[in-house]
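Trainee: return atomic coordinates for the entry below.
(2 chains)
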Amino acid sequence: MRYIQFTHPSRGIAAAAGYGGRLAQAGIENQLDWLFGTALTGFAGQARNGQFPVDLYEDKNNTYVRAELPGVTRDTISVEIVDGALSIQASRKGKAAGGEDTVQLKRLVSIPDEVQADKVSAAYENGILAVTLPWSEEAKPRKINVSVN
Amino acid sequence: MSIFNTSNDSSNGASAVAEQPAACRPRYEVAETEGAYALSVFLPGVSRESLEITDEDGELRITGRRAQGAPSGSAVLHRESSDASYELVLTHDNTVDTGKTVAELRDGVLSLSLAKAESAKPRKISVN
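Mentor: Sure thing, here's the model as predicted:
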C-alpha cells in the first residue's frame, strides 16, 4: 500500500510529498516508476499491485483528488475518510484464462485536517473518480480589516 | 512519447496541435475467440467526443484526448497522471472484417469487437 502525504501550504510549510508506512526511498521509487512508466516505455500510467495514479489539486475553498480508475464497477467504489486520510477502494472485473477475475484497487491519500469530512463529494465519469474535499470555514483565508484610530 | 513507439506520427489530427504533449500508448488487452478478437483499451479521462478510431490498410488506430483533469483556478499539489493524449496503433494484416467492428466506450474503457475475416477463420480441409 502506497501512501501520499502532503503538508498544507497555507500553514506556511512548503508542500512536500512524503511517503508514510514505507521507507523514504518509496517516494523516489514511485517517481521513477512514474518517469519510466510515462517517458521511456510510452505507456500510460497503469495500475500495478492495486495502485492507480492520483492527482491532488487545491484552490481557496477545496482540495481535489482525481484518481484514474478506468473500468471499475461503480457499486464497488468506496470513498471514506479514516483517521485524517482519504481511502479510495474499488474493484475491477477482468477476463482471466479460467473465467472472470476481480482486481482490488486501494489507495490512501492523507488530507489536511481542515477538511469537512461530512461534506466530501465524489463523482465518477469517463473512468476518473473526482473527489472534492471542502475546507472548513476556519481554514479558509480570511481578510480582516483593521481600522486605525 | 517513446523511442520504441515509432508508429506515432505527427500527421495525425490529435497530435498535430502544438500544445499537446506527445501521445502515449494506453494499456490494452486482446482476447481471442473463435469468431472475433476482443480488444479492451484503458482510456481514463477520454470522452466519446474526443475519441477517434480508424481502421484502414490493416492498421487499427485509436486516438483519444484526455479531458482537463484539474478544476479551473486550482493549483497542483501532487501529480501522477499525464496530460498526453492516448494513441494506440495495432496492425492486423486485414484478417479483420472492418465492416463488423463494434466499439463501446464505458467508464474509461474502450471495448472493441473485431470480427475475423472469413479467410482468417479456421477451415477444415478434407483429403480425397
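Trainee: can you map out the strands along chain A?
Mentor: A:3-6, A:17-18, A:54-58, A:62-68, A:78-82, A:85-96, A:99-110, A:121-125, A:128-134 (DSSP state E).
Trainee: show me the shaky parts of the chain.
Mentor: In the absence of a named chain, chain A is used. In the predicted model, chain A carries pLDDT under 70 at residues A:1-50, A:95-98, A:141.
Trainee: chain B was what I was after
Mentor: Short version for chain B, where the test is pLDDT under 70: B:1-21.
Trainee: how about the strands in it?
Mentor: B:28-32, B:36-42, B:46-56, B:59-66, B:75-78, B:86-91, B:102-106, B:109-115.
Trainee: which other helices and strands contact the first one?
Mentor: Same thing as strand B:28-32. Packed against strand B:28-32 by the contact rule (3 or more CB pairs under 8 Å, 6 or more residues apart in numbering or on different chains; DSSP states H and E) you find strand A:85-96, strand B:36-42. In short, each C-beta sits where N, CA and C put it, glycine included.
Trainee: show me what the first one is packed against.
Mentor: Okay, so that is strand A:85-96. So strand A:85-96, by 3+ CB pairs under 8 Å, 6+ apart, packs with strand A:62-68, strand A:78-82, strand A:99-110, strand A:128-134, strand B:28-32.
Trainee: ranking the helices and strands packed on strand B:28-32 by burial, who's on top?
Mentor: strand B:36-42 (a mean of 20; mean count of other CB atoms under 10 Å in any protein chain shown).
Trainee: return the distance of it from the chain's centre.
Mentor: Relative to its parent chain, strand B:36-42 has a centroid offset of 9 Å by CA atoms, centre = their mean, to the nearest Å.
Trainee: which residues does B:Ser111 bridge with?
Mentor: B:Ser40, B:Glu104 (DSSP bridges).
Trainee: before we move on, the earlier item: is it possible to export the strands of chain A to a markdown table including distance to B:His92?
Mentor: Listed next are the strands of chain A as a markdown table, based on distance: least, CB to CB, whole Å:
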| stretch | distance to B:His92 |
| --- | --- |
| strand A:3-6 | 40 |
| strand A:17-18 | 42 |
| strand A:54-58 | 35 |
| strand A:62-68 | 28 |
| strand A:78-82 | 39 |
| strand A:85-96 | 20 |
| strand A:99-110 | 26 |
| strand A:121-125 | 31 |
| strand A:128-134 | 30 |
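Trainee: could you report the neighbour count for the nearest residue to B:Ala38 once chain neighbours are set aside?
Mentor: Leaving aside its sequence neighbours, B:Ala38 sits nearest to B:Ala31 (CB to CB, 6 or more residues apart in numbering or on different chains; 4.5 Å). When counting by other CB atoms under 10 Å in any protein chain shown, one arrives at 12 neighbours for B:Ala31.
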